[in-house]
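A.B. asks: Need a 3D model of the following:
(one chain, ligands or ions: 1)
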Amino acid sequence: MPPLNLGNQQPRTPLDADQAWRATADRAARTVLFFDFDGTLAPVDDDPTAVQPAPKVLAALEALAPAVRRIAIVSARPVDFLRAHFGTLAGVDLYGLYGLEHSHSGGDTVTEPAALPWMPTMVELADRARAELPPGALVEYKRLSVALHWRTAPQLAEPVERWGRAQADQLGLRVQGGRMVLEIKPPVDRDKGMVIDEVVRDAAGAWYFGDDVSDIKAFAALRARADADPQFVGVCVAVANPETGHEVAEAADLTIESPAALGDFLTRAVHQLA
Ligand SMILES: O=P(O)(O)OC[C@H]1O[C@H](O[C@H]2O[C@H](CO)[C@@H](O)[C@H](O)[C@H]2O)[C@H](O)[C@@H](O)[C@@H]1O
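C.D. replies: Numbers count the residues shown, from 1 in each chain. The predicted model follows:
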């Protein structure tokens with residue numbers, strides 16, 4: 001077993017990981033496995049374009065997919081980016097930009113219509129950010145959102161965040177904080193919790209693996225589903241990290257020490273669900 005409950009928090013489900021997989025095995029065909037991408041399936045890198053899933057992750061997801069109802073990646077990345085990493089896996093649904101985009105089983109990317117009118121605003125915002133932010137800040141343009149990064153220049157956290165929040169106020173946009181990043185998004189009601197809420201309605205169980213504050217809404221949606229139905233098996237798993245790890249672990253049932261450890265954990269799960 002990998003070290004679980006690193007923060008020594010009490011699991012909120014009465015089950016430990018082995019018991020939870022056994023309970024899941026009973027209802028595997030009606031269970032959805034949800035994964036965040038950055039910091040969960042893939043270790044953090046200074047360059048957001050350079051990240052790759054951790055060792056064993058792709059093989060484990062491929063082996064798990066036929067055993068469960070769905071595997072879903074729920075990320076702030078665009079679907080096209082996720083497709084480049086997971087597009088070869090059958091039975092995997094992709095939710096990008098916090099659910100503003102999705103693609104089911106390798107199908108076309110569907111975009112939330114209410115977000116589309118904001119595309120020109122996002123292009124202009126990204127251009128302005130590149131022109132006005134100090135060198136060292138990284139501007140990541142994602143069609144329907146703009147992420148402002150300071151991982152390689154942590155001294156810029158305060159000015160970059162201040163600039164981003166002021167722009168969001170002026171333009172009527174929303175912000176989402178993350179790991180050394182501020183994301184600016186259209187004012188459209190869509191988040192990871194809403195994705196989970198929709199997908200688990202007719203499921204009998206679900207696991208959600210995440211590392212960042214935006215994943216806490218997904219945990220809450222899973223808990224709400226479990227609270228409404230005592231038969232539902234919902235398990236929230238945090239992937240530890242020094243930035244948002246404590247807050248996320250506090251909200252989780254179990255904590256895994258890293259994306260690499262998650263690869264091992266999922267590889268064992270393949271056998272537990274067999
Ligand atoms: O929802 P997620 O899949 O977890 O995406 C959240 C953000 O992930 C990426 O940024 C983070 O990972 C980068 C690569 O390791 C790292 O350089 C950065 O510091 C992290 O914040 C992505 O680039 C963002 O667009 C996402 O919002």
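A.B. asks: From here on, just use CA atoms for contacts and neighbour counts.
C.D. replies: Will do.
A.B. asks: What is the least confident helix or strand in the protein?
C.D. replies: Ranked by mean pLDDT, DSSP states H and E, the weakest helix or strand in the chain is helix 245-251, scoring a mean of 91.
A.B. asks: That helix and the ligand in contact?
C.D. replies: No - Helix 245-251 lies apart from the ligand when judged by C-alpha under 6 Å from any ligand atom; the minimum separation is 12.2 Å.
A.B. asks: Next: stretch 169-180.
C.D. replies: Yes - applying C-alpha under 6 Å from any ligand atom, one finds stretch 169-180 touching the ligand at 178-180.
A.B. asks: between those, which has the most around it?
C.D. replies: Arg179 (19 neighbours; other C-alpha atoms under 10 Å).
A.B. asks: Tell me the strands beside the following helix or strand past the least confident helix or strand of the chain, with direction?
C.D. replies: Next helix or strand after helix 245-251 toward the C-terminus (DSSP states H and E): strand 254-256. In the sheet containing strand 254-256, its partner strands are strand 233-239 (parallel), by DSSP bridges.
A.B. asks: how far out from the middle of the chain is the strand it pairs with?
C.D. replies: Relative to its chain's centre, strand 233-239 lies at 12 Å (C-alpha atoms, centre = their mean, to the nearest Å).
A.B. asks: Quick check: buried residues in that strand?
C.D. replies: By 16 or more other C-alpha atoms under 10 Å, the buried positions in strand 233-239 come out as 233-239.
A.B. asks: Asp169: neighbouring residues, count only.
C.D. replies: By other C-alpha under 10 Å, the residues close to Asp169 number 11.
A.B. asks: tell me which element it falls in.
C.D. replies: Going by DSSP H and E, Asp169 is part of helix 157-171.
A.B. asks: What helices and strands are in contact with that helix?
C.D. replies: strand 146-149, strand 174-178, strand 181-185 (3 or more C-alpha pairs under 8 Å, 6 or more residues apart in numbering; DSSP states H and E).
A.B. asks: In the second one, which residues are buried?
C.D. replies: In terms of neighbour count (16+ other C-alpha under 10 Å), strand 174-178 has its buried residues at 174-175, 178.
A.B. asks: Now do the helix or strand containing Arg268 against strand 233-239, angle only.
C.D. replies: If you go by DSSP H and E, Arg268 is part of helix 259-273. Angle between the axes of helix 259-273 and strand 233-239 is 160 degrees (criterion: axes from the mean of the first three to the mean of the last three C-alpha atoms, to 10 degrees).
A.B. asks: and the gap between Leu222 and the ligand?
C.D. replies: To the ligand, Leu222 is 17 Å away according to C-alpha to the nearest ligand atom, to the nearest Å.
A.B. asks: That residue: neighbour count?
C.D. replies: Residues near Leu222, counting by other C-alpha under 10 Å, number 25.
A.B. asks: and what of the one 5 residues further on?
C.D. replies: Using other C-alpha under 10 Å, Asp227 has 12 other residues around it.
A.B. asks: Walking through the stretch 1-150 of the chain, point out its strands one by one.
C.D. replies: In the stretch 1-150 of the chain, the strands defined using DSSP state E, counting those that start in this stretch lie at 31-35, 70-74, 92-96, 101-103, 110-111, 138-141, 146-149.
A.B. asks: Now tabulate the buried residues of strand 174-178 in JSON lines and tack on pLDDT.
C.D. replies: JSON lines is the format used below for the buried residues of strand 174-178 (pLDDT from 0 to 100):
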{"residue": "Arg174", "pLDDT": "98"}
{"residue": "Val175", "pLDDT": "98"}
{"residue": "Gly178", "pLDDT": "96"}
